[in-house]
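S.K.: sharing a sequence plus its predicted fold:
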Amino acid sequence: MMFLQSDFNFLLNGCTSFKQIKQVHAQLLHRGLDQCCYLLAKLVRTLSKLGVPMDAYSRPVFERVTSPNPFLWTAMIRGYSLQDGCLSQSVGFYCRMRRAGSRPLSFTFSALFKTCGAVKEMGLGRQIHAQTILVGGFVSDLYVGNTLMDMYVKCGVLGCARRVFDEMPERDVVSWTELIVAHAKGGDMELAEDLFGELPVKDKVAWTAMVTGYAQNARPREALYIFERMKNAGVLTDEVTLISVISACAQLGVSRYANSVRVVAETSGFGACESVLVGSALVDMYSKCGSVDVAFEVFEKMKQRNVYSYSSMIAGFAMHGRAHAAIQLFHDMVKLEIKPNHVTFIGVLTACSHASLVEQGRQVFASMEKHYGVAPSVEHYTCIVDLLGRAGRLEEALKVIETMPMEPNGGVWGALLGACRRLKNPSIARHAANHLFELEPNAIGNYMLLSNIYASAGMWDGVSEVRKLMRERGLKKNLGYSWIEAENGEIHQFSSGDTIHPMYTEIKRALEDLLNRLKAHNGYLPKLDSVVYDLSDDEKKRLLMTHSEKLALVYGLITIDGGCTIKIMKNLRICEDCHVVMCGASKITGREIIIRDNMRFHHFCDGKCSCGDFW
DNA sequence: CTAGGGTTAG
């Protein structure tokens, strides 16, 4: 008998299809093992792992057993808990189990908690929590405690999770990490950092949780700092860690560090060739670092590509203004039968938008649902509004907003407002802005944009009205800043009007010199309507000179080797005056300049920008 | 058995 049991155990372990399991089960019945709970539990677990619905096979098998043991009961509970929408069956089996007088196991509870967390059924979770106390012994079980914490975290009640943590008689690194992640996801990195500091033994997952926490909270520099500490602590990197680190690099846009991360990825066996995930992340990272060609190299080297890889590359081409490459890639993926998803289409539509390919964009939009089964969402409508707006068709864009099948959100109105800035149309701008002030009362950028549009139309009453509104709502202008990677990999950040940089006087002198040369050779005149304040022309000129991207540019011109491209990152949208200066600077210095603002990339080369002065 | 993960839009 024992021999047969282990035999069947082995057979079940090797099953990879429903059919095979059925064959093994038939054998089992043949040998008279239809009441062997140990093997039946295994059978149920295997079926559930393969995704066979519980009612299809496991349930009838179970119902023929006269006295199930706790393992078989638990297999049923777990099976239903893993199946979508079967929480009630799962709980039903738990109740039957209790009525039958069977004593639950620790993983009976963990299965239930897992489902409660997945469907955010906190009420039920609490009841089962009470049960664990009632049944006794389980509250102190490490594994039960961890899954219980996880349930409370998923239900969004951090306080309860914390209480469980505090009451656990022993905790392991999983318990700590659970709590760290919970706080990180809630945006409280300070608390996460405190917990991490207290954690006695930090493993790879715990370190990664910190890296990811910073990366997802838009604090890439701290993410990279933690990653450095992790490496120094001798903890090995894996695929998951890399993805977060790569995402941090993408946010920062710093190429030297990015290159070193790529080397780490390749030497740890998770390079673009081996891992689709890392590969796709690298594609995104290089695109956002301004190196769209390197991104494409990585893309081409990848052994496998999926919808993420293609979407990332398409988006990469789009943000660099390479519309045709983006569209070509889209057709390639369709030909290879990789099904595009909603993100893919955002990339394609953005590409059309940045290249003013209105008809092309419309065709893609129309085909989304018809040919690819992707229903346009509000984000896709945003792209269309942007497409029409950039092409100067404001009325049509407005019409789209008024007739779209869902409620327009801030993104949609924002796209319209953005278009009004370039086309200098204060009346539609006001209309869009009014919606935005309702939908996003605290988004400072909208106020700045409207006042910008009023300012360039000379409508100073409008400007002061907007400023009054901002004052009433307690909003302050976002400080603009730019950063640039020095030759040694250090990041130098400049704020507008910054005087604290050690090379400040040198930078200021060089900037004056550059502007004078631009005036002499290119007939440059400061674009005074880029200034939103009603100031004298001289004051406006002075203010324009302090813009952070100009400081960063000059720092780059002075310190970065002549053959290298100057790459500058900026947190806000580049202003028109700075754009003109960058064009001119690329011409008279013969240098290639790339600026990533919060919208897209600008490649300045020989006096021209890849955005075609159209952004 | 429990903890960490990818692409997007103004």
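M.R.: Yep, that arrived. Numbers count the residues shown, from 1 in each chain, chains lettered A, B, ... in the order given.

S.K.: quick one: low-confidence parts of chain A?
M.R.: A:1-3 (pLDDT under 70).

S.K.: domain ranges for it?
M.R.: Using automatic domain parsing, the domains assigned to chain A come out as A:318-372, A:377-478, A:481-609.

S.K.: end to end on the longest one, go ahead and measure it.
M.R.: This stretch, domain A:481-609, spans 21 Å end to end (C-alpha to C-alpha, to the nearest Å).

S.K.: ditto for the second one
M.R.: Terminal residues of domain A:377-478 lie 30 Å apart, using C-alpha to C-alpha.

S.K.: that older thread, for the domains of chain A, which one sits closest to DNA strand B?
M.R.: domain A:377-478 (1.8 Å; C-beta to the nearest atom of the strand). For glycine as for every other residue, the C-beta is placed from the backbone atoms N, C-alpha and C.

S.K.: the closest one close to DNA strand B?
M.R.: Yes: residues of domain A:377-478 contacting DNA strand B under C-beta under 7 Å from any atom of the strand: A:379, A:382-383, A:386, A:410-411, A:413-415, A:417-419, A:436, A:440, A:443, A:446.

S.K.: separate out the buried members of these.
M.R.: A:382-383, A:386, A:410-411, A:413-415, A:417-419, A:436, A:440, A:443, A:446 (16 or more other C-beta atoms under 10 Å).

S.K.: would you list the phi and psi of residue A:593?
M.R.: phi -120, psi 130 (degrees, to the nearest 10).

S.K.: what bridges to the nearest residue to it once chain neighbours are set aside?
M.R.: Excluding the flanking residues, the one nearest residue A:593 by C-beta to C-beta, 6 or more residues apart in numbering is residue A:604, at 4.2 Å. On the basis of DSSP bridges, residue A:604 is bridged to residue A:593, residue A:609.

S.K.: number of nearby residues for residue A:604?
M.R.: For residue A:604, the count of nearby residues is 25 (other C-beta atoms under 10 Å).

S.K.: now do the contacts for residue A:192.
M.R.: Neighbouring residues of residue A:192 by C-beta atoms under 8 Å, 6 or more residues apart in numbering: A:180-181, A:183-184, A:209-210, A:213.

S.K.: swap the cut-off to 6 Å and go again
M.R.: Going by C-beta atoms under 6 Å, 6 or more residues apart in numbering, residue A:192 touches A:180, A:183-184, A:213.

S.K.: pull the longest helix from chain A.
M.R.: Longest helix in chain A by number of residues (criterion: DSSP state H): helix A:504-522.

S.K.: what is that helix packed up against?
M.R.: helix A:548-559, helix A:576-589 (3 or more C-beta pairs under 6 Å, 6 or more residues apart in numbering; DSSP states H and E).

S.K.: tell me the most buried of those?
M.R.: Of all those, helix A:548-559 carries the top mean neighbour count, a mean of 23, counting by mean count of other C-beta atoms under 10 Å.

S.K.: pull the residues that contact the helix or strand following that helix.
M.R.: Using DSSP states H and E, the helix or strand that follows helix A:548-559 in sequence is strand A:566-570. Residues outside strand A:566-570 that contact it (C-beta under 6 Å, 6+ apart) are A:253, A:290, A:482-484, A:549, A:552, A:556, A:560, A:591, A:593-597.

S.K.: what angle do strand A:566-570 and helix A:548-559 make?
M.R.: Relative orientation of strand A:566-570 versus helix A:548-559 (axes from the mean of the first three to the mean of the last three C-alpha atoms, to 10 degrees): 160 degrees.

S.K.: list the strands paired with strand A:566-570, with their directions.
M.R.: strand A:481-485 (antiparallel), strand A:593-596 (parallel).

S.K.: any idea how far the shortest one is from the middle of the chain?
M.R.: Its chain's C-alpha centre lies 22 Å from the corresponding centre of strand A:593-596 when counted by C-alpha atoms, centre = their mean, to the nearest Å.

S.K.: do stretch A:304-321 as well
M.R.: 15 Å.

S.K.: how about stretch A:54-73?
M.R.: Using C-alpha atoms, centre = their mean, the offset of stretch A:54-73 from its chain centre is 43 Å.
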